[in-house]
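A.B. asks: Sequence and predicted structure below; questions after.
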Amino acid sequence: MAFIPLYDNAYLGSAQNVYRQIRTDTYDLDLGQTGWMNAQELRGFLPFLDLTPETHVLEVGCGAGGCALYLTRLTHAQVTGIDANPSAIEEAQTSAKSIPEARVCFEQIDANLRLPFADASFDAVFSNDAMCHIPDRSSVLKEWFRVLKPNGRILFTDAMILTGPATNEQLMTRSSIGLYLFLPPGENERLIREAGFNLISTVDLTPNAAAISRRWHDARARRYGDLVRIEGLPTFQGLQKFLSCVHTLTEKRLLSRFMYAGRKPA
């Protein structure tokens, strides 16, 4: 199955107006996101992260920086966002310059590698719908443990938990936009504990993914002409098939999305 470039198109400067309209229809509040989280869900994560103006949080897979800017606006915490996509970081840095009071910085860093931060640099690590792209999750969690202070918190979501019988075609379609790892239930919990964290909470967020994938698909369908000019017909059709597949898998709970929260012991 051909690769479908979801993320590169999302950060195209010339197409931002169309994609902003789609995000508003999909999420209500546009944070520049390309996953399954809306602002209401993000606010629900705050009690687990325990962010204050004295907190420094690392966001792994920050994309275009909208969630980091929203977090710092809500909590006045300092946020460092990292992402491997250069177009995403360029967009994030541009957004940050337009809000001088925002306590954010963005760096192009591959989260699969050793992080260029000292031990005990952060109070929290947050990652939304990005962990599923990381092949060696065990090493990455241990790296998060290293850069966190004692009592530091982690919170990440994973939309690739196999909870039902999915076909090979469904899994190929679900993987058509990049590298993905599909995990059995309980594996993230095991890896979190193996890395040294205490598991605080696991929350099923699958209904959000089902609702957002349907809204995203329909918002794109309403802008067929604009998107075909921007993406080309094969990419447009590929992304519509992808979003339809996500909706089917999550609505039937064949593939589930969970939030995991943990704490580094004192």
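C.D. replies: Great, that's in hand. What you are looking at is a predicted structure, and each value in this text was computed from that prediction instead of being measured.
A.B. asks: and the closest residue to Pro53 other than its chain neighbours, what does it touch?
C.D. replies: Residue nearest to Pro53 in three dimensions, not counting chain neighbours: His76, with 4.1 Å by Cβ to Cβ, 6 or more residues apart in numbering. Backbone N, C-alpha and C define where each C-beta goes, glycine included. Taking Cβ atoms under 8 Å, 6 or more residues apart in numbering, we find His76 in contact with Thr52, Pro53, Arg103.
A.B. asks: And those, which of them are buried?
C.D. replies: Among those, those scoring as buried are Arg103 (criterion: 16 or more other Cβ atoms under 10 Å).
A.B. asks: Out of the contacts of His76, which comes closest to Thr80?
C.D. replies: Checking the contacts of His76 against Thr80 with Cβ to Cβ, the nearest one is Arg103 at 9.6 Å.
A.B. asks: and the closest one, how far is that from Val140?
C.D. replies: Arg103 sits 25 Å away from Val140, going by Cβ to Cβ, to the nearest Å.
A.B. asks: Please report how far the residue nearest to Pro53 lies from Val125.
C.D. replies: His76 is 18 Å from Val125, by Cβ to Cβ.
A.B. asks: quick one: contacts for the residue nearest to Asp30 when sequence neighbours are not counted?
C.D. replies: Among residues not flanking Asp30 along the chain, Arg23 sits closest, at 4.2 Å (Cβ to Cβ, 6+ apart). Contact analysis of Arg23 by Cβ under 8 Å, 6+ apart lists Asp30, Leu31, Gly32, Gln33.
A.B. asks: I figured the second one was touching Ala68, is that so?
C.D. replies: This means Leu31. No - Leu31 lies out of contact with Ala68 (Cβ atoms under 8 Å); the separation is 9.2 Å.
A.B. asks: Let me know how buried Thr26 is, in neighbour terms.
C.D. replies: Thr26 has 23 neighbouring residues, counting by other Cβ atoms under 10 Å.
A.B. asks: what's the least confident helix or strand in this protein, going by average pLDDT?
C.D. replies: Ranking every helix and strand in the chain by mean pLDDT, DSSP states H and E puts helix 6-10 at the bottom, with a mean of 61.
A.B. asks: check which helix or strand covers Ile89.
C.D. replies: helix 86-97 (DSSP states H and E).
A.B. asks: Correction: the previous question concerned Pro207.
C.D. replies: For Pro207, the enclosing helix or strand under DSSP H and E is helix 206-221.
A.B. asks: Can you give me the buried ones in that helix?
C.D. replies: Across helix 206-221, burial judged by 16+ other Cβ under 10 Å covers 206, 208-217, 219-220.
A.B. asks: ok, now stretch 223-243?
C.D. replies: For stretch 223-243, burial by neighbour count (16+ other Cβ under 10 Å) applies to Arg223, Asp226, Leu227, Ile230, Glu231, Thr235, Phe236, Gly238, Leu239, Gln240, Phe242, Leu243.
A.B. asks: Next one, pLDDT for the fifth one please.
C.D. replies: Model confidence at Glu231, given as pLDDT, is 92.
A.B. asks: now the last one
C.D. replies: The pLDDT attached to Leu243 in the predicted structure is 97.
A.B. asks: same deal with the third one?
C.D. replies: On pLDDT, Leu227 comes in at 95.
A.B. asks: quick one: which helix or strand includes it?
C.D. replies: Assigned by DSSP H and E, Leu227 falls in helix 224-231.
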